[in-house]
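[1] predicted model and sequence below, questions to follow.
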Amino acid sequence: MRIVIAEDAAVIREGLVQLLADRGLEVVAAVADAEALLAAVDEHRPDVVIADIRMPPTHRDEGLVAAVELRRRHPGLGVLLFSQYIETRYTDRLLADGPAGIGYLLKDRVLDVDEFVAALHRIAEGGTALDPQVVSQLLGSRSGLGALTARELQTLELMAEGLTNTAIARRMDITQRAVEKHVAAIFTKLRLERGEDEHRRILAVLHYLRGSNGAQS
């Protein structure tokens, strides 16, 4: 996997480079601002970008703006955004073209190296990796999802984190068959037409995130 990192804090940036190299991943560029990020991706064509949301010069949303532009320029590029804080107001912009290949983690999630690397692989393969704390905050307002039961909402929350049915079964301490029933009910109640289950899974997550975020604004 080829990766470009954009992080203005030198210690974090260099630590990420070393951490990923130790896991056999190739960091083709590590830069400190959004302009350099755009240039690095155009030059190296990585599989995944890891970018801080807040970068120079204003430290507001430069990383997010660059990520949106990079997804426009390079369809299919995986993007993992970092933040020190939960910033759910960015969710709609991040997911405008769908959640496939998108991640949003809090920076302290890097401390669990296995989880962090697994999230990168999931994003590179077109999956989703959302921080559980971000998902939990979105769950606080869940417009349009009132038809789902508590267990179905919990299942959808874990789907939004990017977990497979097997992983969801372990987290909820239920059988995989029970998870499959919850997922099927979610598809039905959200009126997602039959088709590829992976496609419907992405649509369900997008519905959940957009509905939750819309209720907060």
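    Noted; the coordinates are in hand.
[2] got a list of what the residue nearest to residue 99 when sequence neighbours are not counted touches?
    Once flanking residues are discounted, residue 99 sits nearest to residue 128: 4.7 Å by Cβ to Cβ, 6 or more residues apart in numbering. Yep, even glycine has a C-beta here, placed from its N, CA and C like the rest. Residue 128 makes contact with 99-103, 122, 160-162, 202, 205, according to Cβ atoms under 8 Å, 6 or more residues apart in numbering.
[3] and those residues, which is closest to residue 68?
    When those are ranked by distance to residue 68 (Cβ to Cβ), residue 102 comes first, at 10.8 Å.
[4] relative to residue 81, how far out is that closest one?
    As judged by Cβ to Cβ, to the nearest Å, residue 102 and residue 81 stand 8 Å apart.
[5] who's more crowded, these two?
    residue 102 (27 against 22; other Cβ atoms under 10 Å).
[6] check which residues of stretch 23-38 are buried.
    25, 27, 29-34, 36-38 (16 or more other Cβ atoms under 10 Å).
[7] looking at those residues, which are in strands?
    27, 29-31 (DSSP state E).
[8] and of these, the nearest to residue 4?
    residue 29 (4.7 Å).
[9] which SS class is the residue nearest to that closest one when sequence neighbours are not counted?
    Excluding the flanking residues, the one nearest residue 29 by Cβ to Cβ, 6+ apart is residue 40, at 3.8 Å. Following DSSP: H, G, I helix; E, B strand; the rest coil, we place residue 40 in the helix state.
[10] what distance do you get for residue 40 to residue 152?
    42 Å.
[11] repeat for residue 125
    To residue 152, residue 125 is 26 Å away according to Cβ to Cβ.
[12] now for residue 15, how many residues are close by?
    Residues lying near residue 15 (other Cβ under 10 Å) number 13.
[13] quick one: which of the buried residues of stretch 23-38 is nearest residue 117?
    Residue 117 lies nearest to residue 25 out of the buried residues of stretch 23-38, by Cβ to Cβ, at 7.4 Å.
[14] who's in contact with the closest residue to the closest one other than its chain neighbours?
    The spatially closest residue to residue 25, leaving aside those adjacent along the chain, is residue 1, at 5.1 Å (Cβ to Cβ, 6+ apart). Contacts for residue 1 (Cβ under 8 Å, 6+ apart) come out as 25-26, 47-48, 120-121, 124.
[15] sorry, back to before: next up, phi/psi of the residue nearest to residue 99, please.
    Main-chain torsions, residue 128, degrees, to the nearest 10: phi -120, psi 150.
[16] circling back to that earlier point, more neighbours, residue 125 and residue 152?
    Here residue 125 and residue 152 are compared on neighbour count by other Cβ under 10 Å; more neighbours surround residue 152, at 19 against 12.
[17] give me the element that one is part of.
    helix 150-161 (DSSP states H and E).
[18] cool, and residue 43?
    According to DSSP H and E, residue 43 maps onto helix 34-44.
[19] what's that helix in contact with?
    In contact with helix 34-44 (Cβ under 8 Å, 6+ apart) are residues 2, 4, 6, 28-29, 31, 49, 51, 55-56, 62-63, 65-66, 69-70, 73-74, 77.
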